[in-house]
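Participant: From the sequence below, what's the structure:
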Amino acid sequence: MKKQTVSLLLSVLAMFSLASCGEQGKKDSGTSDSANTSEKASVTYVDYNVTLNDIRGKAIEGAALSIMVNGEAQTADTDETGLAVFYDTPAGNYTVTATLPDSYRGYSLEDKCVLTAKKTDYTFKAVPVISSDALTSSDLIYTYTSTYGTNKYAYKEGDVIHDFSFTDVVTEKEYKITDLLKEYDCVCFDFFYAACPWCIKQYPVMTAALSENYTGQGDTDVTYQEKVCVIGIDTLTPDYTDEEWTALATSYYNNASSKKTLAGYMGVSEDKVTVDSIKTYLQTEYFDTVDDIKSVKSTYHLPYLMSKDVRVGTTSSGSPLLCSDAFNITGDPSFVAIDRYGLVAVSEAGYNGQESHFTTIFDKLLDPDYVPD
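Facilitator: Down below sits the predicted model:
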């Protein structure tokens with residue numbers, strides 16, 4: 001009887017203990033839910049208004065902006081006014097990234113595009129960034145068609161150039177465009193070839209323009225030549241490798257019409273023409289040489305750097321892309337000006353005999369308040 005009574009008491013105590021544990025568990029759980037609710041209620045939600053412009057102050061439409069919120073991407077597209085809105089976003093610090101429309105190829109967001117909890121309205125800029133990557137076929141987005149065929153090229157006015165190097169034929173010193181833009185307010189290319197009659201007429205015009213005093217900052221002792229870097233690019237000195245010269249000579253040799261024409265130029269019968277003889281003729285007679293460039297510089301007393309038509313990339317087929325190819329230089333002389341931002345500011349073909357034409361371009365690009373068109 002005592003054993004039964006003890007067992008009954010133990011059972012009652014066990015049930016009471018379980019019940020107490022259950023109540024305590026419910027109490028703890030209730031406290032946690034309350035804390036979570038309170039924490040959630042303390043978060044402030046805001047609408048972030050982000051306006052995106054370019055360096056001209058022009059609104060960029062169609063840019064996809066993005067921020068990471070609690071590990072997930074939140075996106076917003078800019079409208080015709082450049083405005084994108086991140087709705088109902090927890091106030092905090094967020095770094096903005098962007099996918100820009102194709103019309104802003106070569107641009108990126110400026111540094112430190114960050115949203116904070118302190119304000120909700122922001123205006124950021126997309127700025128041109130000169131790429132150090134070599135050009136490829138995908139960069140040749142423009143097409144030019146003439147009686148000679150169709151060319152694809154990379155740059156029009158307003159485009160951001162890629163960085164590339166060239167070597168001055170006189171000093172044999174190598175220069176990069178980005179390095180020159182740190183020293184000069186603009187870099188200009190004067191495309192020519194040695195025997196070009198209109199180029200010869202324009203040499204003294206360009207030389208005179210560069211020697212004039214730049215008065216934009218009130219310092220009449222400073223000439224344009226000290227503010228503007230001009231590079232003469234000989235379009236008849238392609239920067240080919242030996243294998244590429246051989247391939248070019250072979251293509252002429254295998255074309256009956258070209259072979260016959262070259263035999264006439266070379267003063268030999270067709271049966272005497274070989275790939276090697278064509279290659280030698282192309283390198284020393286048909287195209288300009290480095291000595292030809294040096295002769296142009298010394299004969300016409302040109303005060304600027306002189307270079308071969310340098311390689312700036314490679315096509316998908318492995319063919320070289322030359323500087324003149326990238327800018328679609330179809331005639332000489334041609335003139336290209338790159339502004340301080342790395343944008344193609346001017347691209348024009350043909351002779352111009354007015355010094356004022358070039359000094360007007362220089363004045364615009366040298367203006368401290370210059371903004372691209």
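
Participant: Please count neighbours and contacts with C-alpha atoms only from this point.
Facilitator: Fine.

Participant: Tell me which other helices or strands the helix or strand harbouring Gly232 touches.
Facilitator: Assigned by DSSP states H and E, Gly232 belongs to strand 228-238. Under the contact definition 3 or more C-alpha pairs under 8 Å, 6 or more residues apart in numbering; DSSP states H and E, strand 228-238 sits against strand 186-192, strand 305-309.

Participant: So Ile200 lies in a helix, does it not?
Facilitator: Yes: judged by DSSP: H, G, I helix; E, B strand; the rest coil, Ile200 forms part of a helix.

Participant: and it, how many residues sit next to it?
Facilitator: Ile200 is flanked by 17 other residues according to other C-alpha atoms under 10 Å.

Participant: just for the stretch 251-373 of the chain, where's the confidence low?
Facilitator: In the predicted model, the stretch 251-373 of the chain carries no residue with pLDDT under 70.

Participant: Okay, strands next: where are they in it?
Facilitator: 305-309, 311-314, 320-322, 334-338, 344-349 (DSSP state E, counting those that start in this stretch).

Participant: Contacts for the fourth one, please.
Facilitator: If I follow you right, that is strand 334-338. Residues from elsewhere that reach strand 334-338, judged by C-alpha atoms under 8 Å, 6 or more residues apart in numbering: 186-192, 344-351.

Participant: Can you tell me the strand partners of that strand and which way each runs?
Facilitator: Paired neighbours of strand 334-338 in the sheet (DSSP bridges): strand 186-192 (antiparallel), strand 344-349 (antiparallel).

Participant: Please identify the deepest-packed of the ones you listed.
Facilitator: strand 186-192 (a mean of 23; mean count of other C-alpha atoms under 10 Å).

Participant: Go ahead and confirm Asn93 touches Val114.
Facilitator: Yes: counting by C-alpha atoms under 8 Å, Val114 is a contact partner of Asn93 at 6.8 Å.

Participant: what do those two both touch?
Facilitator: Residues touching both Asn93 and Val114 (C-alpha under 8 Å, 6+ apart): none.

Participant: Run a quick neighbour tally on Asp309.
Facilitator: Neighbour tally, Asp309, other C-alpha under 10 Å: 23.

Participant: ok, now which ones touch it?
Facilitator: Neighbouring residues of Asp309 by C-alpha under 8 Å, 6+ apart: 233-239, 322-324.

Participant: What separation is there between it and Gly216?
Facilitator: As judged by C-alpha to C-alpha, to the nearest Å, Asp309 and Gly216 stand 33 Å apart.

Participant: on that earlier part again, turn the strands of the stretch 251-373 of the chain into a markdown table, including distance to Thr207.
Facilitator: Below are the strands of the stretch 251-373 of the chain laid out as a markdown table (distance: least, C-alpha to C-alpha, whole Å):
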| stretch | distance to Thr207 |
| --- | --- |
| strand 305-309 | 12 |
| strand 311-314 | 26 |
| strand 320-322 | 26 |
| strand 334-338 | 14 |
| strand 344-349 | 18 |
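
Participant: re the thing from before, tell me which of the strands paired with strand 334-338 sits nearest to Gly57.
Facilitator: Taking C-alpha to C-alpha, strand 344-349 is the member of those nearest to Gly57, at 16.8 Å.

Participant: who's in contact with that closest one?
Facilitator: Residues contacting strand 344-349 (C-alpha under 8 Å, 6+ apart): 155-161, 329, 331-339, 372-373.

Participant: can you give me how far that strand is from the chain middle?
Facilitator: Relative to the chain's own centre, strand 344-349 is displaced by 16 Å; criterion: C-alpha atoms, centre = their mean, to the nearest Å.

Participant: if we can go back for a sec, quick one: closest of the strands paired with strand 334-338 to Asp276.
Facilitator: Closest of these to Asp276 is strand 186-192, at 27.6 Å (criterion: C-alpha to C-alpha).

Participant: Quick check: mean pLDDT of the helix or strand containing Lys152?
Facilitator: Taking DSSP H and E as the definition, Lys152 sits inside strand 149-153. For strand 149-153, mean pLDDT rounds to 88.

Participant: With stretch 121-132 instead?
Facilitator: 96.

Participant: Can you show me the CA trace of that stretch as CSV?
Facilitator: Only the C-alpha atoms of stretch 121-132 are listed here, as CSV (Å, rounded to 0.1, in the frame of the first residue of the first chain):
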residue,chain,number,x,y,z
ASP,A,121,18.2,62.3,-52.4
TYR,A,122,21.5,61.8,-54.4
THR,A,123,23.0,62.9,-57.7
PHE,A,124,25.8,60.8,-59.2
LYS,A,125,27.9,61.0,-62.4
ALA,A,126,29.0,58.5,-64.9
VAL,A,127,32.5,59.4,-66.1
PRO,A,128,34.6,58.2,-69.1
VAL,A,129,37.2,55.6,-68.2
ILE,A,130,40.1,55.0,-70.7
SER,A,131,40.4,51.2,-70.9
SER,A,132,43.9,49.7,-70.9
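
Participant: From the chain's centroid, how far away is it?
Facilitator: Centroid displacement of stretch 121-132 relative to its chain, using C-alpha atoms, centre = their mean, is 12 Å.

Participant: so how many other residues sit close to Ala247?
Facilitator: Other residues lying near Ala247 total 14 when counted by other C-alpha under 10 Å.

Participant: Go ahead and name everything in contact with the helix or strand where it lies.
Facilitator: Ala247 belongs to helix 242-253 when assigned by DSSP H and E. With C-alpha under 8 Å, 6+ apart as the test, helix 242-253 has contacts from 258-259, 273-276, 278-279, 282-283.

Participant: Try it again at 10 Å.
Facilitator: Contact partners of helix 242-253, identified using C-alpha atoms under 10 Å, 6 or more residues apart in numbering, comprise 238-241, 258-263, 270, 273-283, 318-320.

Participant: Separate out the buried members of the residues you listed.
Facilitator: 238-240, 259-260, 262-263, 270, 273, 275, 278-279, 281-283, 320 (16 or more other C-alpha atoms under 10 Å).
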